[in-house]
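> coordinates for the following, if possible.
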Amino acid sequence: LSRVMKQFAVARSVTASYAAESAFAMPAVAVRAECGVESVMGVEVPKVELVKEGKGGLPYAFAEMTSEADYSVEMISALLPDLVQLAQTEKRVRMLAEEIERNKRRVNALEYVMIPQLEETIKYIKDKLSENERAAIVRMMKVKNKS
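Numbering: from 1, shown residues only. Just a heads-up that it's a prediction; the model follows:
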């Protein structure tokens with residue numbers, strides 16, 4: 001991107017400013033972004049594809065501009081898919097990071113709250129069952145002693 005910006009600066013420096021403004025203001029190729037979603041590890045993330053419409057070319061006449069301008073337009077045309085891919089990847093990574101954080105909080109809640117509570121409940125139930133079993137044995141012994 002920095003090389004493209006430097007190339008545009010060179011193109012503007014060797015061209016009259018009004019000519020450069022009017023030439024670079026018009027798009028060289030019509031591009032349409034097709035957006036959709038894709039599932040990555042159960043997370044819906046965006047999927048973007050660029051579709052070029054019409055034929056490529058330069059948005060100005062060759063006589064008006066210099067070869068530096070031609071090269072600049074070609075460089076930015078080649079860079080556009082990479083920029084869209086970078087934006088898509090960045091968004092995906094952020095969405096996955098948010099989902100990981102959400103799952104980390106759930107795991108912590110399970111590990112430090114729910115599991116200890118369930119273990120305490122299991123211990124209480126086991127103690128109650130043992131107590132009831134001892135009481136039943138004592139009752140049986142008393143019944144046996146009476147008969």
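
> all helices for the chain, in order.
For the chain, applying DSSP state H gives helices covering 2-13, 17-25, 67-109, 115-146.

> how much does the shortest one deviate in direction from helix 2-13?
If I follow you right, that is helix 17-25. Direction vectors for helix 17-25 and helix 2-13, defined by axes from the mean of the first three to the mean of the last three CA atoms, to 10 degrees, enclose an angle of 140 degrees.

> same question for the longest one.
Using the same axes, to 10 degrees, the interaxial angle of helix 67-109 with respect to helix 2-13 works out to 150 degrees.

> quick one: mean pLDDT over helix 67-109.
Confidence over helix 67-109 (mean pLDDT, whole number) is 89.

> about what we covered before: redo the helices of the chain as CSV? Include distance to E34.
For glycine as for every other residue, the C-beta is placed from the backbone atoms N, C-alpha and C. Putting the helices of the chain into CSV (distance: least, CB to CB, whole Å) gives the following:
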stretch, distance to E34
helix 2-13, 24
helix 17-25, 26
helix 67-109, 11
helix 115-146, 46
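
> want to try a markdown table for those, with distance to E53 and mean neighbour count as columns?
A markdown table is the format used below for the helices of the chain (distance: least, CB to CB, whole Å; neighbours: other CB atoms under 10 Å):
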| stretch | distance to E53 | mean neighbour count |
| --- | --- | --- |
| helix 2-13 | 22 | 14 |
| helix 17-25 | 19 | 14 |
| helix 67-109 | 14 | 14 |
| helix 115-146 | 57 | 10 |
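
> any idea which of these gets closest to K52?
Distances from K52 to each of these were compared using CB to CB; the shortest belongs to helix 67-109, at 9.2 Å.

> looking at the helices of the chain, spot the one closest to S39.
Judged by CB to CB, the one of these that comes nearest to S39 is helix 67-109, at 11.3 Å.

> give me the pLDDT for E64.
If you check E64, the pLDDT there is 66.
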